[in-house]
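Q: I need the structure of the sequence given here:
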Amino acid sequence: MIDGREMNPPETMQLHRIRLRRPVVTDADAIFEYGRDPEVARYADWPVRTSMDGLVEALQRRGKLWETGAEFYWVITRTGEDRAIGGISFRVAEDSAEVGFLLHRQHWGEGIATEAARAVVEWALALPFLRRVRATCDAENLASARVLEKLGFTLEATLPRAVVRPNLSSEPRDALMYTLVKPAA
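A: As a prediction, the model looks like this:
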């Protein structure tokens with residue numbers, strides 16, 4: 001229970017081709033593998049990883065954030081394998097939530113990001129207090145925009161000069177804000 005609201009996020013979600021699970025410190029090598037790829041990190045709001053420094057600590061912080069309800073984060077693995085190939089995050093604020101995802105380049109174009117995001121969004125929309133889920137992406141990140149559109153998100157706004165994408169520019173860049181509103185009961 002967080003702020004008097006029942007959350008109970010599943011620690012694992014077994015899906016058709018993938019599994020979502022809470023990260024562990026032994027995921028650091030796999031996360032570093034895709035986090036150091038400039039194409040994967042291109043539209044991220046963090047710099048491309050050049051070393052493992054701080055990665056284990058970041059994974060430990062994710063565990064603490066989960067326990068406090070500040071953020072829930074799952075690594076994405078293939079069914080039958082346990083190597084992280086991406087991640088998906090979920091944060092609640094009031095009656096809405098934000099979702100974000102990242103995937104190893106080797107798995108782009110396979111529908112894995114869509115499958116993972118769909119599972120998290122469906123879980124989120126089942127929460128009685130939640131009315132909407134939102135996601136943002138860089139205005140040029142057409143692949144992420146397409147994933148959100150496949151899930152039924154609607155482009156709500158273009159946010160001018162909203163986010164610094166350090167792997168592209170030190171200047172803030174435009175972002176697209178997508179929303180998915182829970183149907184009225």
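Q: need the helices for this structure, in chain order.
A: With helices called from DSSP state H, the chain shows them at 28-35, 38-41, 55-68, 112-125, 142-150.
Q: Pick the most deeply packed of these.
A: Highest mean neighbour count among those (mean count of other Cβ atoms under 10 Å): helix 112-125, with a mean of 20. (Glycine included, C-beta is placed from N, CA and C.)
Q: how big is the angle separating it from helix 142-150?
A: On the basis of axes from the mean of the first three to the mean of the last three Cα atoms, to 10 degrees, helix 112-125 is oriented at 40 degrees to helix 142-150.
Q: For helix 112-125, which outside residues touch it?
A: Applying Cβ atoms under 8 Å, 6 or more residues apart in numbering, the set of residues contacting helix 112-125 from outside is 9-10, 13, 15-18, 20, 74, 76, 85-86, 88, 90, 97, 99, 101, 103, 130, 133, 144, 147-148, 150-151, 180, 182.
Q: of all the helices of the chain, which has the lowest average per-residue confidence?
A: Sorting the helices of the chain by mean pLDDT places helix 55-68 lowest, at a mean of 93.
Q: Just want the angle from that helix to helix 28-35.
A: 100 degrees.
Q: Show me what helix 55-68 is packed up against.
A: The contact analysis (3 or more Cβ pairs under 8 Å, 6 or more residues apart in numbering; DSSP states H and E) places helix 55-68 against helix 28-35, strand 72-78.
Q: With distance to Thr50 added, can I get those in JSON lines?
A: Converted to JSON lines, the helices and strands packed on helix 55-68 look like this (distance: least, Cβ to Cβ, whole Å):
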{"stretch": "helix 28-35", "distance to Thr50": "10"}
{"stretch": "strand 72-78", "distance to Thr50": "21"}
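Q: sorry, back to before: can you say which of the helices of the chain is nearest to Val163?
A: helix 142-150 (12.8 Å; Cβ to Cβ).
Q: C-alpha coordinates for that closest one, PDB please?
A: C-alpha atoms of helix 142-150 as PDB (Å, rounded to 0.1, in the frame of the first residue of the first chain):
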ATOM      1  CA  LEU A 142       9.400   7.500 -34.300                       C
ATOM      2  CA  ALA A 143       9.900   3.900 -33.100                       C
ATOM      3  CA  SER A 144       8.800   4.700 -29.500                       C
ATOM      4  CA  ALA A 145       6.000   6.800 -30.800                       C
ATOM      5  CA  ARG A 146       4.800   3.900 -32.900                       C
ATOM      6  CA  VAL A 147       4.800   1.500 -29.900                       C
ATOM      7  CA  LEU A 148       2.700   4.000 -28.000                       C
ATOM      8  CA  GLU A 149       0.200   4.400 -30.800                       C
ATOM      9  CA  LYS A 150      -0.100   0.600 -31.200                       C
END
